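Trainee: structure, please.
(chains A and B)
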2 protein chains.
Amino acid sequence: MNNANIAEYMQQVGRHARSASTVLAAAEAATKNKALLVIADLLEAKGDYLKTENAKDLESGVAKGLDAALLDRLALTDANIATMAEGIRQIAALADPVGEISDMAYRPSGIQIGKMRVPLGVIGIIYESRPNVTADAAALCLKSGNATILRGGSEAIHSNKAIAECIQQGLQEANLPGECVQVVETTDREAVGELLRLKDSVDVIIPRGGKGLIERVSADSLIPVIKHLDGICHVFIDEQADEEKAISVALNSKTQRYGTCNTMETLLVAAPIAESILPKLAEAYASHEVELRGCDRTRDILPGCVAATEEDWNTEYLAPILAIRVVDDMDAAIVHINTYSSQHTDSIVTENYTKARRFLREVDSSSVMVNASTRFADGFEYGLGAEIGISTDKLHARGPVGLEGLTSLKYVVLGDGHIRQ
Amino acid sequence: MNNANIAEYMQQVGRHARSASTVLAAAEAATKNKALLVIADLLEAKGDYLKTENAKDLESGVAKGLDAALLDRLALTDANIATMAEGIRQIAALADPVGEISDMAYRPSGIQIGKMRVPLGVIGIIYESRPNVTADAAALCLKSGNATILRGGSEAIHSNKAIAECIQQGLQEANLPGECVQVVETTDREAVGELLRLKDSVDVIIPRGGKGLIERVSADSLIPVIKHLDGICHVFIDEQADEEKAISVALNSKTQRYGTCNTMETLLVAAPIAESILPKLAEAYASHEVELRGCDRTRDILPGCVAATEEDWNTEYLAPILAIRVVDDMDAAIVHINTYSSQHTDSIVTENYTKARRFLREVDSSSVMVNASTRFADGFEYGLGAEIGISTDKLHARGPVGLEGLTSLKYVVLGDGHIRQ
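Mentor: Predicted coordinates for the structure are as follows:
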């Protein structure tokens, strides 16, 4: 396709999505759940077909010289097909957020007013070569009553089309329009640019992938974007921390998984307890082979530690590396966090009631914690059932974005012929 | 100032606002209320000074040839100064939304999780020459813990600066930084352009004024915008409507005030009752001197009616003019509304339970009503206490935007040393 044809194709995809979205917004929970359960069953039943199509992607991926980590994320196996199907069944089991009415109250004028939860409309998802996102994102958007336009990485095109076939059949068996979920069929990059300009037919864009992708999408989009760029998370060990909890939380926040956005990247330690706790922490991290990079005061206590630079406070390592800074007190910790944090997740370890309350109020991040591992910042752990991502923006959705974050509210007013005086 | 100086000045305004916003976010309700009450008292006490400064604006307005309506909105009188002060006192009396924690629940992992309401941060308000907006917007943002940058129309600069002096004194007496509320001191238009580019220091832009202003701001802003463009509101009279309620609601929706965004602009009437109800409606509207413009089917029944064109369905008259269309049934009414409505407010008049339910669910507008006048769509009528505007967008705030719409949420996690397994 040339650029004019791509523009025309994408505009058509947008119109079809808008039109399908009105049907989907009015669909009953049972209809949407039927589609989801059929899709889950089909993904498993067609496992061999999915793997055959996926093999084509893997083959060209190898030919293109993709690195091992990318190929690993691209691969469909029986295990991750089962995980995809299970994820969709879990979404089917969640309560339908659409149409829920809350806070109906009478006003002095006699009208009764409340709020009804409604879908956003059409959601464009732009992601890298992870075929499981195709299934997850489609399922979350479907359940929340939104039509979806899915644009995955070009390296996964065969896998995505095969998954899309299962989705189409699920929609068909539930008597929902096929255009409720559309996978962009061209791998041309111009299609992404065009998608980001479809202001009239797309309500929100959700990029999923690395920082580079998210920055490009945010810079180019004429449509509101729900995103998070970085996960530079902190744990602050206050001088009134319980030492055992502190070591346990600081260790888990860093080492439970290295590559996730809610992993701690910088540890802050209050000066009065630094001398006693840092050697114990260093020993714990050593047993996990975590490289430590410290400020001068840290290195006075841990002489073997590499010197941290300004860049370290700004880095999301996603690796067994940890920056450590000794700070005078909680005020200094809050200043450090509000300066360097990516507003994702920050935790304090303390037994002091007043400091816990102040930390919760004054740290300006999407999740703030007391005496808990940053690794808990996750849609499943928070009870949202699933998440499409974690938003570090303040408008609309903040923190893990589940079904509710994919919806909006409208006001509902009931009267008996009431007029305004 | 030249453009480079304006850019530098605005960037400084932005940095000061960001810095003040962290103090304001942590401020207690009593502190914010004290500032508000002092401001309200000062506006009244300094009434003569305000009127003197306002006279300068009015004088140059007359010299520039501003029309009577603009001059009327620009003028400060004892009556509207009292209204401003009273509005601020009402805002002081509202509950503080900031820091409110809701939905604290334990999860299977043992952590307890909920949400805390937090300010958005820094809000830029761009408005036309209505000095009362300076006081209203500053008060709403202050109460919701947001620092504000106010850029009013150049014709009101003396009035705005005089009001700003009262605000400054109020902040000072409450020991809050003066930078919590900043009035842009230059009338150069380049300052608006620069404000819309201050992505790092401004979190949201709220334009208040005519469609032209809002379109320009939305097109140029690199910062999220909370806005509504049009108020093309509908009333649909279903064939199962109670005739008395229908006439009362249809009349009030159009004639209670003509110039407001929640005024009905198009009336839809179900064909089976058109012949009986339209002549009665025509008589009622005639007594208010409302010009009627009808579709062909309307004109068959009301031969004196002007012919409506496609343009009429798309027009917000803000005047004693009403477009009328006879539609086959509710389905046709919903199609008309979802095509032409500005997604502001739409109402059905019916006694039929199933149709009422379907209308509420399927009409995609920020307020949907049954048997009530569209004129109720308003922050005060809905019990929000006040409003900074009405949003017809779906992301973040929708419908009348009160204190809650000026805040966001963050997740709060409490543990006792909990770690993720």
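
Trainee: just checking, what packs against the strand of greatest length in chain A?
Mentor: Criterion DSSP state E: the longest strand present in chain A is strand A:407-418. Under the contact criterion of 3 or more Cβ pairs under 8 Å, 6 or more residues apart in numbering or on different chains; DSSP states H and E, strand A:407-418 touches strand A:101-106, strand A:112-119, helix B:243-255, strand B:367-372, strand B:399-401. The way it works is simple: take the backbone N, C-alpha and C, and place the C-beta from them, glycine included.

Trainee: if you count neighbours, what's buried in that strand?
Mentor: A:Thr407, A:Ser408, A:Leu409, A:Lys410, A:Tyr411, A:Val412, A:Val413, A:Leu414, A:Gly415, A:Gly417, A:His418 (16 or more other Cβ atoms under 10 Å in any protein chain shown).

Trainee: now do it: distance to the chain's middle.
Mentor: Relative to the centre of its chain, strand A:407-418 is centred 32 Å away, using Cα atoms, centre = their mean, to the nearest Å.

Trainee: returning to what we had before: reformat the helices and strands packed on strand A:407-418 as TSV; add distance to A:Cys261 and mean pLDDT.
Mentor: As requested, these are exported to TSV (distance: least, Cβ to Cβ, whole Å; pLDDT from 0 to 100):
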stretch	distance to A:Cys261	mean pLDDT
strand A:101-106	31	96
strand A:112-119	26	97
helix B:243-255	49	98
strand B:367-372	37	98
strand B:399-401	31	94
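
Trainee: out of those, which one sits most buried?
Mentor: Burial of the helices and strands packed on strand A:407-418 is given as mean neighbour count (mean count of other Cβ atoms under 10 Å in any protein chain shown); strand B:367-372 ranks first at a mean of 28.

Trainee: mean confidence for stretch A:80-96?
Mentor: Average pLDDT, stretch A:80-96: 95.

Trainee: what about the strands in the stretch 1-150 of chain A?
Mentor: Assigned by DSSP state E, counting those that start in this stretch, the strands in the stretch 1-150 of chain A fall at A:101-106, A:112-119, A:122-127, A:147-151.

Trainee: of these, which is nearest A:Leu94?
Mentor: strand A:112-119 (13.2 Å; Cβ to Cβ).

Trainee: list the pairing partners of the closest one within its sheet, with orientation.
Mentor: strand A:101-106 (antiparallel), strand A:407-418 (antiparallel) (DSSP bridges).

Trainee: could you give the angle of it to strand B:367-372?
Mentor: 140 degrees (axes from the mean of the first three to the mean of the last three Cα atoms, to 10 degrees).

Trainee: quick revisit: farthest-apart pair in the buried residues of strand A:407-418, please.
Mentor: Among these, A:Thr407 and A:Gly417 lie farthest apart (Cβ to Cβ), at 31.0 Å.

Trainee: what angle sits between the longest strand of chain A and helix B:243-255?
Mentor: Using the same axes, to 10 degrees: strand A:407-418 against helix B:243-255 is 120 degrees.

Trainee: got the buried residues for the biggest helix by length in chain A?
Mentor: Ranked by residue count, the top helix of chain A under DSSP state H comes out as helix A:3-26. Under the neighbour-count criterion of 16+ other Cβ under 10 Å, helix A:3-26 has A:6-7, A:9-11, A:13-14, A:16-18, A:20-26 buried.

Trainee: and the contacts of that helix?
Mentor: Applying Cβ atoms under 8 Å, 6 or more residues apart in numbering or on different chains, the contact partners of helix A:3-26 are A:1, A:32, A:98, A:118-119, A:121-122, A:142, A:145-149, A:176-180, A:182, A:184-186, A:188, A:190-191, A:194-195, A:198, A:200-202, B:338, B:361-362, B:364.

Trainee: filter those to the buried ones?
Mentor: Buried by 16+ other Cβ under 10 Å: A:32, A:98, A:118-119, A:121-122, A:142, A:145-149, A:176-177, A:179-180, A:182, A:184, A:186, A:188, A:190-191, A:194-195, A:198, A:201-202, B:361-362, B:364, out of the contacts of helix A:3-26.

Trainee: for B:Phe236, find the nearest of the strands of the stretch 1-150 of chain A.
Mentor: Closest to B:Phe236 of the strands of the stretch 1-150 of chain A is strand A:112-119 (Cβ to Cβ; 17.9 Å).

Trainee: what's the closest residue to chain B within the stretch 201-350 of chain A in contact with, if anything?
Mentor: Chain B sits closest to A:Lys245 of the stretch 201-350 of chain A, with a gap of 3.1 Å, by Cβ to the nearest Cβ. By Cβ under 8 Å, 6+ apart, the residues touching A:Lys245 are A:Val349, A:Asn371, B:Asp416, B:Gly417.

Trainee: repeat that with 6 Å
Mentor: If you count contacts by Cβ atoms under 6 Å, 6 or more residues apart in numbering or on different chains, A:Lys245 has them with A:Val349, A:Asn371, B:Gly417.

Trainee: same question, A:Ile226
Mentor: A:Ile226 sits next to A:Val204, A:Ile206, A:Ser391, A:Ala397 when contact means Cβ under 6 Å, 6+ apart.

Trainee: for the stretch 251-400 of chain A, list the residues in contact with chain B, please.
Mentor: Within the stretch 251-400 of chain A, the positions near chain B by Cβ under 6 Å from any Cβ of the partner chain are A:252, A:256, A:360-362, A:366-373, A:375-376, A:382-383, A:394-396, A:398-399.

Trainee: go on, the stretch 51-200 of chain A?
Mentor: Remark: the part of the stretch 51-200 of chain A in contact with chain B comprises A:Gly99, A:Arg107, A:Ile111, A:Ile113, A:Leu120, using Cβ under 6 Å from any Cβ.

Trainee: which among the residues you listed count as buried?
Mentor: Applying 16+ other Cβ under 10 Å to those, the neighbour count classes A:Gly99, A:Ile111, A:Ile113, A:Leu120 as buried.
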